[in-house]
Each structure stands twice: as C-alpha cells, then as structure tokens.
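Visitor: What shape does this take:
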Amino acid sequence: METANTIQETYNIWSWLLPLISGAVGALIGTYGGSYFLHWKQEKKIKNVRSMAVKALNIFKEYAQQKKSYAETTNEFNTKLSISEKRAVVVALHKLGVPFETPTKDTFDIKNIRFKDIVIDKDEISAMIVQINKGNCDNHFFTDIESYFTSNLRLNAVRNVGKKYVEEVHAKSYIEKENPNTIINPSDWSKQFTPGELQTILVLRTQLANTDYFSQNGQADSKKIKDLIREIEIGLWDNYLFYDYESFTNIRAQHNLANVVQNMIMINQQTINKEDSI
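Guide: Just a heads-up that it's a prediction; the model follows:
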C-alpha cells in the first residue's frame with residue numbers, strides 16, 4: 001500500500017514538474033536559438049556589405065596597375081555598383097581615404113559619384129581591403145550619404161580652397177638659390193582664385209611660408225606636401241583657414257611692436273648698466 005502511495009506521489013510530482021522543465025528548456029532553446037539566428041543573419045549581412053566594398057576597391061586596384069587616377073574610374077564605378085551598393089559602402093570608403101569629390105554647393109549625386117584627379121596607389125588600396133575584411137569599417141556602412149557629405153558645406157568648401165592652394169601654388173613653388181629664405185611662387189598664381197577664396201587662404205599662405213616644406217634641391221617635397229594636404233582634410237589647419245586676415249595682421253603687428261619695445265628696453269638697460277659700471 002505504501003509502495004502504491006509512493007508511486008502515486010512521484011507521479012503527481014512529475015505531472016506538474018515535467019511541464020515546467022519542458023517550458024524552461026523550450027524558452028532556453030528559443031532565446032539562444034533566436035539570438036544565434038539573429039547573429040547569423042547580421043553577420044551574413046555584414047559579410048555581404050564587406051564584399052560590396054571590396055568589389056568597389058578592386059575597381060580602383062585594376063586602374064592602379066595602369067597607374068591611372070581615381071577620376072578615370074568614375075564611369076566604371078557608377079556602372080558596376082548599384083545605387084543600393086553605393087549607399088551601403090561609399091561613406092566607409094571615404095573614411096578609408098578614397099578621394100570622392102565632395103560637393104560644396106549642390107547635394108551629393110548618388111547616381112553620378114565623382115572622384116578627384118589623384119593617381120591611385122595600389123598598396124593603399126590593398127591596405128584598405130585588409131581593413132574592410134577585418135571589420136574595422138563596419139560601423140560606417142549604411143551611413144546616410146547625403147547628410148554625411150553635405151552637412152558641413154562651408155567647412156568642405158574652405159578646406160577645398162586650402163588644398164587647392166597647396167596643390168596649385170605651394171607644391172609648384174621653389175626656393176630661390178641666391179636667397180635660400182625666399183620662396184618663389186608660380187607667376188600669376190592669384191588668378192586661379194576668386195576674391196573670396198583669396199581672403200580664405202591669406203592666413204594659411206602666411207603660415208606656409210616655411211622652407212621646411214622644400215627639399216635640398218629647392219623644389220617642394222612631395223611627401224611633405226601630401227602630408228600637408230591630408231592635415232587640411234582632417235581639419236588640423238581649420239584655425240588658419242577660418243581666421244580673419246585683418247585680425248591676424250593686427251595681432252602680428254602688436255606682437256612685432258611688443259618685440260621692438262622689449263628690445264629697446266633691453267638696450268637701454270644694458271647702456272645704463274655699462275654707465276653704472278664706469
């Protein structure tokens with residue numbers, strides 16, 4: 001009789017315990033299974049986007065072998081990549097260093113993306129592909145292109161003027177042999193700029209009047225010029241590009257006057273000291 005009661009009690013316990021265990025196991029499987037499925041789906045999506053970015057970079061790589069410029073890839077880039085593919089990867093490519101022609105007045109035209117006339121470096125493209133495959137640019141995929149490229153129109157315009165000055169004037173200047181402290185600019189260089197652009201670069205021009213950017217042969221150092229352009233692109237020279245030239249010259253004049261006064265005081269003090277010693 002006791003055995004029958006024990007069996008009955010055990011049956012009763014399992015009758016309510018089994019549904020709880022089944023429910024818990026089901027919930028566990030559902031939670032982790034769902035998480036795994038979502039992770040797998042997200043990972044597959046990211047891998048697809050990475051392949052789109054590599055597809056675009058391979059276009060540049062083919063042209064790099066022929067030592068051509070990014071501008072020459074424009075037609076093939078816009079033809080081989082669909083609008084959705086370009087929307088997914090363009091911002092990431094720009095972050096990596098692909099020189100897209102950013103608009104300064106109009107909105108970004110996704111159907112006709114343009115590039116700067118810069119010769120493609122095959123090694124740089126290979127390095128970009130490595131970065132893409134490692135997942136270092138995943139957070140830049142699917143960033144809205146229009147807002148990214150047009151959010152700071154004035155900033156882009158000013159930096160472009162600064163880069164234009166470096167590329168068209170500073171990089172083509174040279175140091176005078178007779179006077180190693182004198183930098184000779186190309187003749188009529190100012191005609192390449194509008195009055196507004198000239199006002200923008202006056203302070204920058206003053207700060208770049210430095211022989212450190214030139215090689216021993218008197219010509220501009222191409223590596224230093226390249227580094228300078230990159231610095232302008234990332235904003236290291238923004239203070240000078242946005243500095244009002246009149247305010248800048250006033251501050252320099254005050255600084256120079258202070259130096260003159262200080263020198264006069266020092267000379268007078270030295271004279272007084274000599275007289276006292278006599």
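Visitor: Could you tell me whether Asp109 really is in a helix?
Guide: No - with DSSP: H, G, I helix; E, B strand; the rest coil as the criterion, Asp109 is located in coil rather than a helix.
Visitor: these two touch, right, Arg87 and Phe142?
Guide: Yes - the criterion here is CB atoms under 8 Å, and Arg87 meets it with Phe142 at 7.2 Å. To be clear about C-beta, it is placed using only N, CA and C from the backbone, and glycine gets the same treatment.
Visitor: the more surrounded of these two?
Guide: Applying other CB atoms under 10 Å to Arg87 and Phe142 shows that Arg87 carries more neighbours, namely 18 against 14.
Visitor: Find the helix or strand that that one is a member of.
Guide: helix 83-96 (DSSP states H and E).
Visitor: just checking, what packs against that helix?
Guide: In terms of contacts (3 or more CB pairs under 8 Å, 6 or more residues apart in numbering; DSSP states H and E), helix 83-96 is packed against helix 2-65, helix 122-134, helix 145-150.
Visitor: swap the cut-off to 6 Å and go again
Guide: Helices and strands touching helix 83-96, by 3 or more CB pairs under 6 Å, 6 or more residues apart in numbering; DSSP states H and E, are helix 2-65, helix 145-150.
Visitor: Worst mean pLDDT among those?
Guide: Ranked by mean pLDDT, the helices and strands packed on helix 83-96 end with helix 2-65 at the bottom, a mean of 71.
Visitor: ok, then the element right after it?
Guide: Per DSSP H and E, the helix or strand that comes after helix 2-65 is helix 74-80.
Visitor: ok, residues contacting that following helix?
Guide: Under the contact criterion CB atoms under 6 Å, 6 or more residues apart in numbering, helix 74-80 has outside partners Ile59, Ile113, Arg114, Phe115.
Visitor: Columns distance to Asn133, secondary structure and neighbour count on top of those residues, output as JSON lines?
Guide: Formatted as JSON lines, those follow (distance: CB to CB, whole Å; DSSP: H, G, I helix; E, B strand; the rest coil; neighbours: other CB atoms under 10 Å):
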{"residue": "Ile59", "distance to Asn133": "17", "secondary structure": "helix", "neighbour count": "17"}
{"residue": "Ile113", "distance to Asn133": "23", "secondary structure": "coil", "neighbour count": "19"}
{"residue": "Arg114", "distance to Asn133": "27", "secondary structure": "coil", "neighbour count": "17"}
{"residue": "Phe115", "distance to Asn133": "23", "secondary structure": "strand", "neighbour count": "18"}
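Visitor: Now do the contacts for Tyr240.
Guide: Applying CB under 6 Å, 6+ apart, the residues contacting Tyr240 are Val203, Leu204, Gln207.
Visitor: Export the helix or strand containing the first one to PDB, keeping only CA atoms.
Guide: What that stands for is Val203. Per DSSP H and E, Val203 falls inside helix 195-207. Output of helix 195-207 as PDB, limited to C-alpha atoms (Å, rounded to 0.1, in the frame of the first residue of the first chain):
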ATOM      1  CA  PRO A 195      38.500  87.300 -54.300                       C
ATOM      2  CA  GLY A 196      36.600  85.300 -51.700                       C
ATOM      3  CA  GLU A 197      39.000  82.400 -52.000                       C
ATOM      4  CA  LEU A 198      42.000  84.700 -51.700                       C
ATOM      5  CA  GLN A 199      40.600  86.000 -48.400                       C
ATOM      6  CA  THR A 200      40.300  82.400 -47.200                       C
ATOM      7  CA  ILE A 201      43.900  81.400 -47.900                       C
ATOM      8  CA  LEU A 202      45.800  84.600 -46.900                       C
ATOM      9  CA  VAL A 203      46.500  83.500 -43.300                       C
ATOM     10  CA  LEU A 204      47.200  79.900 -44.400                       C
ATOM     11  CA  ARG A 205      49.600  81.300 -47.100                       C
ATOM     12  CA  THR A 206      51.500  83.300 -44.400                       C
ATOM     13  CA  GLN A 207      51.800  80.200 -42.100                       C
END
